[in-house]
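>>> quick one, what's the 3D model for this:
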Amino acid sequence: MAVTGLAAGGLLVLAMIAVSARGWRTLPRDARVPVQRGLRGYGTYRSKTAGLVTWPASGIVIYGLYCGVLAEDLATHYRGTEMPLLSLPVVLAVLIRGQMGALRAAVASSRPG
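Down below sits the predicted model:
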């Protein structure tokens with residue numbers, strides 16, 4: 001089950017990178033990309049480069065932390081529940097949804113008028 005969670009997490013991280021690549025191609029050069037700060041929504045608008053790198057970087061950090069937890073569990077022969085690893089795809093899916101919303105907001109704010 002842990003392998004399935006890690007594989008799904010890896011695919012979601014690759015999807016986040018693909019969404020950022022698409023944003024890089026479609027957003028204008030001077031676009032500002034919102035970055036979410038907490039539960040209150042998008043609090044900070046960053047430059048196109050910084051905004052598009054921040055979203056997948058946060059996914060990579062979360063994925064790396066979960067891989068570290070799994071490695072520690074395997075090293076100590078832990079046979080407890082795998083619930084923390086099952087939440088990895090859910091956390092990354094929420095993060096990619098936020099990234100997609102941020103790109104929509106960047107497109108809307110960069111339109112003239």
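
>>> do a quick rundown of the helices in the protein.
In the chain, the helices defined using DSSP state H lie at 2-26, 48-75, 83-110.

>>> distance to residue 36, mean neighbour count and mean pLDDT added to those helices, as JSON lines?
Using the backbone N, CA and C atoms, a C-beta is placed for each residue, glycine as well. Shown next, in JSON lines, are the helices of the chain (distance: least, C-beta to C-beta, whole Å; neighbours: other C-beta atoms under 10 Å; pLDDT from 0 to 100):
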{"stretch": "helix 2-26", "distance to residue 36": "13", "mean neighbour count": "16", "mean pLDDT": "90"}
{"stretch": "helix 48-75", "distance to residue 36": "9", "mean neighbour count": "16", "mean pLDDT": "86"}
{"stretch": "helix 83-110", "distance to residue 36": "5", "mean neighbour count": "16", "mean pLDDT": "85"}
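
>>> reformat these as TSV; add distance to residue 35.
Formatted as TSV, those follow (distance: least, C-beta to C-beta, whole Å):
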stretch	distance to residue 35
helix 2-26	12
helix 48-75	5
helix 83-110	7
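
>>> between the ones you listed, which gets nearest to residue 33?
Across the helices of the chain, residue 33 has its closest neighbour in helix 48-75 (2.4 Å, C-beta to C-beta).
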